[in-house]
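Asker: sequence first, then the predicted structure:
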Amino acid sequence: FAVHGLEDTVPIPNFQGESYDASVATGRAFVAALPLLDVAQAWGITVTTYAGSEGRGLGYARPGEQIGLGVANLSTWAHELVHQAEHRLGALTKRGQDREQEIVAELGGAVLLTVLDQRADADWGGAYHYIKSYAKAKDGEGLLREIMQVTSRMAAAVKHILDAAEALRGEQPAAA
C-alpha cells in the first residue's frame, strides 16, 4: 500500500539542493546507508527505490516482502519499517490506508528516528500533519485521545525493531 502521497508534500521555495535521483546507482547508495537496513534484511524484506514523482505514493510496504522508497527521506523509510514490524507482530491486519495503522507507522517512525538521534530526519512537524490528516478528531484533545489509543502498538513496533537491531549486533535487549 502506498503512503506519503505527493499531495502530502510541500515544495521548498527557492530550493538550491539536489533533487532526489531515482537512478539505480543513487538508489543503491541511499538504501545501503539506511539505518536499520540490517533489520529489514534479517526479516527477509527487500528495499527498492523508484521515482516517487511519477506515481501517487512516495513509499510503500508489501508486508513481509518489500519496502519501496520513492523519496530519499529517512522518515518515509522509518514509517515503512514500522509497518513491517507491525506485520511481524500480527497487528497489521488491514490492507490499504487504514487510519490506525498509518498513525502507528508515522508516530513510530518519528519516535524511532528520535531514538536513533536523527531528530531532524524524524520530521515531527510533518508527522503531526500526517497523523492529523488520518485522525477522525479535528480538535487537539480528540487527536491526543486517538494517538493514546495506539501508543502501545507504536511502542511495541519500535521495540521490536530496536530489539532486532540489538540482537543482530550481539547485544542483549534491555529488560522491559
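Answerer: Received it, and whenever you're ready, just let me know what you need.

Asker: so where is this protein shaky, pLDDT-wise?
Answerer: Within the chain, the segments meeting pLDDT under 70 span 1-26, 53-56, 171-176.

Asker: what is the longest helix of it by residue count?
Answerer: In the chain, with assignment by DSSP state H, the single longest helix is helix 140-168.

Asker: that helix packs against which elements?
Answerer: Other helices and strands packing on helix 140-168, by 3 or more Cβ pairs under 8 Å, 6 or more residues apart in numbering; DSSP states H and E, are helix 37-42, helix 74-88, helix 99-115, helix 124-134. C-beta coordinates here come from the backbone N, C-alpha and C atoms, glycine included.

Asker: a markdown table for those, including mean neighbour count and distance to Arg153?
Answerer: As requested, these are exported to a markdown table (neighbours: other Cβ atoms under 10 Å; distance: least, Cβ to Cβ, whole Å):
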| stretch | mean neighbour count | distance to Arg153 |
| --- | --- | --- |
| helix 37-42 | 16 | 18 |
| helix 74-88 | 25 | 7 |
| helix 99-115 | 24 | 5 |
| helix 124-134 | 16 | 14 |
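
Asker: to Gly170, which of these lies closest?
Answerer: helix 37-42 (12.1 Å; Cβ to Cβ).

Asker: now do that closest one: which elements does it pack against?
Answerer: Here helix 37-42 touches helix 74-88, helix 140-168, going by 3+ Cβ pairs under 8 Å, 6+ apart.

Asker: and those as TSV, adding distance to Gln97?
Answerer: What follows is the helices and strands packed on helix 37-42, written out as TSV (distance: least, Cβ to Cβ, whole Å):
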stretch	distance to Gln97
helix 74-88	11
helix 140-168	15
